[in-house]
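Engineer: structure, please.
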Amino acid sequence: AFLDDVLSVVDPELRSHLRERDVRTVHFSFRWMSCLLVRDLPLHGAIRLFDAYLSEDPDGLESFHVYCCVALLHMFRKELLHMDNEGIMVFLTHLPREE
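Structural biologist: Numbers count the residues shown, from 1 in each chain. Sure, this is the predicted structure:
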């Protein structure tokens, strides 16, 4: 729910597009939340992200991680806005990786 709320503020157009395509954030964000994006980012990106997590106040880590997830969605907004439900789900569960 918090991810939806933040995305609605940061990128309402993308949030509307996801809703229109019947894509719920819970469908793709479970792994993002449980694995802290480690499985979805290249190694150097995951290391940099964990460095930021470690420097974050422990009480704010959950919110910070949600903001990182929204930033990731916003980064790929152009691609996502041109996709249907299936394309979005495949894209978000297999993010492009540059090693």
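
Engineer: OK, contacts around residue 67?
Structural biologist: By C-beta atoms under 8 Å, 6 or more residues apart in numbering, residue 67 lies in contact with residue 6. (Glycine included, C-beta is placed from N, CA and C.)

Engineer: give the buried residues for the helix or strand hosting it.
Structural biologist: For residue 67, the host element (DSSP states H and E) is helix 61-75. For helix 61-75, a neighbour-count test (16 or more other C-beta atoms under 10 Å) marks 65, 66, 68, 69, 70, 72, 73 as buried.

Engineer: state the mean pLDDT of that helix.
Structural biologist: Average pLDDT, helix 61-75: 95.

Engineer: so after that helix, what's the next helix or strand?
Structural biologist: helix 77-80.

Engineer: excluding its backbone neighbours, what's nearest the residue nearest the centre of the chain?
Structural biologist: Nearest residue to the geometric centre of the chain (C-alpha atoms, centre = their mean): residue 69, 3.1 Å. Once flanking residues are discounted, residue 69 sits nearest to residue 32: 5.3 Å by C-beta to C-beta, 6 or more residues apart in numbering.
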